[in-house]
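Trainee: Show me the folded form of this:
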Amino acid sequence: MTSFTVYKGSKNGVTKSSATKPENLTGDKVLLRITASGLCGTDLHSLHDDVILGHEGVGIVEAVGPEGKHLKKGDRVGFGYQHDSCGNCRNCLTGNETYCADRAMYGTDKVDQGSFASYAIVREAFLHKIPEGMSDVDAAPLQCAGATVFAVLQAYNTRPTETVGVVGLGGLGHLAIQFAAKMGNRVIVLSGSDRKKDQAMKLGAHEFVSTKGKDKLEVSTPIDRLLVTTSAQPSWELILPIMAPGSAIYPLSVDSGNLEIPYIPLIFNGIGVQGSLVASRNVHREMLAFAALHGIRPITETFPMTEEGVREAIDKLERGDVHLRAVLTAV
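Mentor: Have a look, this model is predicted:
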């Protein structure tokens, strides 16, 4: 192979196709042919940068470097937000490599590969086998959106007796509902309008609360874990009174500016605010197995992996017109 096509951001924010020469497969690096890529809201942050876009990749292994031990040609794999870590610090050794000080994350100068491409080269250690029976289109959004919400529900010891609240029914929220419901939690969805109620209930929610125009919210049981999946902050004056003592809030969508929450309700009720990144590799693989076992699937719109298709998908996402999750597919 002399070169392959990639889709990059640019100074004016217009996605452009480019030809990239593949590097030699040193160490445990793997060449994979991209078959599908999810489009995540985080990708919008890199539109003005000269980087290959995309971090929800699924593809077929074409070749494995000399130190690769676990994958072979023809294997179906996925990769997400993280591409590397030092492997030797306390965080790496305890399965928390997402917080390694020397981590290589999408959109930084340590990562020169992306999933908006015909091929990508990624370390074997950061690739995940896709379960049999799970389609490439379904698998792609799980590499970041699925991993992000699953990590919260697993890493902080959520119990099936707890009530999980989900703010927003979008790309992250619709997966959070499914995962929490299948884990045995009571799921309460909070949304700005009633129009998504039917879909929330079909996805597994037990209760739906519309916040629009309300000066007080009522729920059947106080919320123990609140996953905030919207970029815009909710009205904390409405939310905090329905939180259980000792509960936790997890802001998952990336937004600029500061997170501002009233002090007194947090202090008087022992409510915590917990930051959380994407899943570690072990949790990521557990997430894929759990999704396959329980039939958890993202709701997607597909677009061709072409310059026109990439731009159309990005335009729809920027306008808020994508129905839950966009996926680019190889042509």
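
Trainee: Next one: the nearest residue to residue 244 once chain neighbours are set aside from residue 198, what distance?
Mentor: Take residue 244 and drop its neighbours on the chain: the residue closest to it by Cβ to Cβ, 6 or more residues apart in numbering is residue 222, 3.6 Å away. All C-beta atoms are positioned from the backbone trio N, CA, C, and that covers glycine. From residue 222 over to residue 198 the distance is 25 Å, taken as Cβ to Cβ, to the nearest Å.

Trainee: Between those two, which is the more surrounded one?
Mentor: More crowded of residue 222 and residue 198, by other Cβ atoms under 10 Å: residue 222, with 15 against 10.

Trainee: So for this structure, the centremost residue is which one?
Mentor: residue 145 (2.0 Å; Cα atoms, centre = their mean).

Trainee: Wait, a helix at that residue?
Mentor: Yes - counting by DSSP: H, G, I helix; E, B strand; the rest coil, residue 145 is found in a helix.

Trainee: okay but it is in contact with residue 42, surely?
Mentor: No - look at residue 145 against residue 42 with Cβ atoms under 8 Å: they stay out of range, at 9.7 Å.

Trainee: Please name the strands paired to the strand ranked longest in the chain in the sheet, noting orientation.
Mentor: Ranked by number of residues, the top strand in the chain under DSSP state E is strand 29-39. Applying DSSP bridges, strand 29-39 is found paired with strand 56-64 (antiparallel), strand 119-123 (antiparallel), strand 325-329 (antiparallel).

Trainee: Need those in a markdown table (columns: mean pLDDT and mean neighbour count).
Mentor: As requested, these are exported to a markdown table (pLDDT from 0 to 100; neighbours: other Cβ atoms under 10 Å):
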| stretch | mean pLDDT | mean neighbour count |
| --- | --- | --- |
| strand 56-64 | 97 | 24 |
| strand 119-123 | 97 | 22 |
| strand 325-329 | 98 | 26 |
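
Trainee: separation between residue 259 and residue 29?
Mentor: Separation of residue 259 from residue 29 (Cβ to Cβ) stands at 38 Å.

Trainee: Comparing those two, which residue is more hemmed in?
Mentor: Between residue 259 and residue 29, counted using other Cβ under 10 Å, residue 29 has the larger neighbour count: 21 against 12.

Trainee: Apart from its chain neighbours, what residue comes closest to the more buried one?
Mentor: Sequence neighbours aside, residue 65 is the residue nearest to residue 29 in space, at 4.4 Å (criterion: Cβ to Cβ, 6+ apart).

Trainee: Neighbours of the one you found, how many?
Mentor: Neighbour count for residue 65, taken as other Cβ under 10 Å: 17.

Trainee: now the helices for this protein?
Mentor: 90-93, 136-141, 147-155, 173-182, 197-203, 236-239, 263-269, 281-294, 307-319 (DSSP state H).
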